[in-house]
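Chemist: Below are the sequence and a predicted model for it; my questions follow.
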Amino acid sequence: MPGHTDTSKKIKNTVMLGLLAALSLGIYAFESMLPPLFIIPGIKPGLSNIITLYCLKRFGKKEASAVLFVRILLSAILFGNPVSLLYSLSGGFLALITEIVSDKVLKGKNLHITGAFGGLFHNAGQLVCAMLVMKTSAVFAYAPYLVLAGIITGFFTGLATSFLKKIKIPDQP
């Protein structure tokens with residue numbers, strides 16, 4: 001049956017993407033329970049971005065976008081509120097768009113640099129969202145700290161994704 005293999009592969013990919021979305025949500029939930037890791041409030045490692053980057057590299061931008069959206073939506077429903085949804089969407093999708101462009105420019109290499117750009121633009125997206133929500137540009141006083149934190153945490157998530165990519169996941173049991 002010629003269509004059987006295609007259908008089987010689509011089902012496997014759908015299941016894998018569902019598992020990755022659940023894993024991303026679990027990582028986010030775990031990270032949200034951690035005490036602040038930095039002196040500045042609100043700065044988090046962004047570990048769920050490892051899963052987004054992995055999806056981007058293994059499946060592509062459409063699938064990475066879907067996993068990111070599911071994680072953001074479910075995390076807002078389970079742990080947040082409508083405002084947190086806005087912040088997460090603005091930061092998450094600006095980061096992903098930046099990572100897609102960066103990955104293309106870097107020809108798929110140097111994922112740690114792609115991650116650093118993602119972390120930087122995630123924070124930039126959230127700052128712009130905060131400015132619009134709070135109707136003040138005073139939030140940009142926070143920018144130097146967020147720039148540094150975004151680059152460092154993004155570098156780490158990109159590096160972690162590089163190691164994760166090396167793990168061979170078999171197509172069949």
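Modeler: Done, it's in. As the structure is a prediction and not an experimental result, all values here were calculated from the model.
Chemist: Can you mark which positions in the top helix by length along the chain are buried?
Modeler: Counting residues, the longest helix in the chain under DSSP state H turns out to be helix 2-33. Residues of helix 2-33 classed as buried: Met16, Leu17, Leu20, Ala21, Leu23, Ser24, Leu25, Ile27, Tyr28 (neighbour count, 16 or more other CB atoms under 10 Å). Quick note: C-beta positions are derived from backbone N, CA and C, even for glycine.
Chemist: Which residue ranges of this protein form helices?
Modeler: 2-33, 49-58, 61-79, 82-105, 111-134, 143-165.
Chemist: Give me the phi and psi for Ile40.
Modeler: phi -80, psi 130 (degrees, to the nearest 10).
Chemist: Just to check, it is in contact with Val147?
Modeler: No - using CB atoms under 8 Å, Ile40 is not in contact with Val147; the gap is 11.8 Å.
Chemist: Looking at the two now, which is surrounded by more residues?
Modeler: Val147 (15 against 12; other CB atoms under 10 Å).
Chemist: any idea how far the more buried one is from Val133?
Modeler: 20 Å (CB to CB, to the nearest Å).
Chemist: What would stretch 12-30 look like as PDB? C-alpha coordinates only.
Modeler: What follows is stretch 12-30, C-alpha atoms only, in PDB (Å, rounded to 0.1, in the frame of the first residue of the first chain):
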ATOM      1  CA  LYS A  12       4.200   9.200  14.200                       C
ATOM      2  CA  ASN A  13       5.000  12.800  13.700                       C
ATOM      3  CA  THR A  14       1.800  14.000  15.200                       C
ATOM      4  CA  VAL A  15       2.300  11.700  18.200                       C
ATOM      5  CA  MET A  16       5.900  12.900  18.600                       C
ATOM      6  CA  LEU A  17       4.800  16.600  18.300                       C
ATOM      7  CA  GLY A  18       2.100  16.000  21.000                       C
ATOM      8  CA  LEU A  19       4.700  14.400  23.300                       C
ATOM      9  CA  LEU A  20       7.100  17.300  22.700                       C
ATOM     10  CA  ALA A  21       4.300  19.900  23.400                       C
ATOM     11  CA  ALA A  22       3.600  18.000  26.700                       C
ATOM     12  CA  LEU A  23       7.300  17.900  27.600                       C
ATOM     13  CA  SER A  24       7.600  21.600  26.900                       C
ATOM     14  CA  LEU A  25       4.600  22.300  29.100                       C
ATOM     15  CA  GLY A  26       6.100  20.100  31.900                       C
ATOM     16  CA  ILE A  27       9.400  21.900  31.700                       C
ATOM     17  CA  TYR A  28       7.600  25.200  31.800                       C
ATOM     18  CA  ALA A  29       5.600  24.100  34.800                       C
ATOM     19  CA  PHE A  30       8.700  22.900  36.600                       C
END
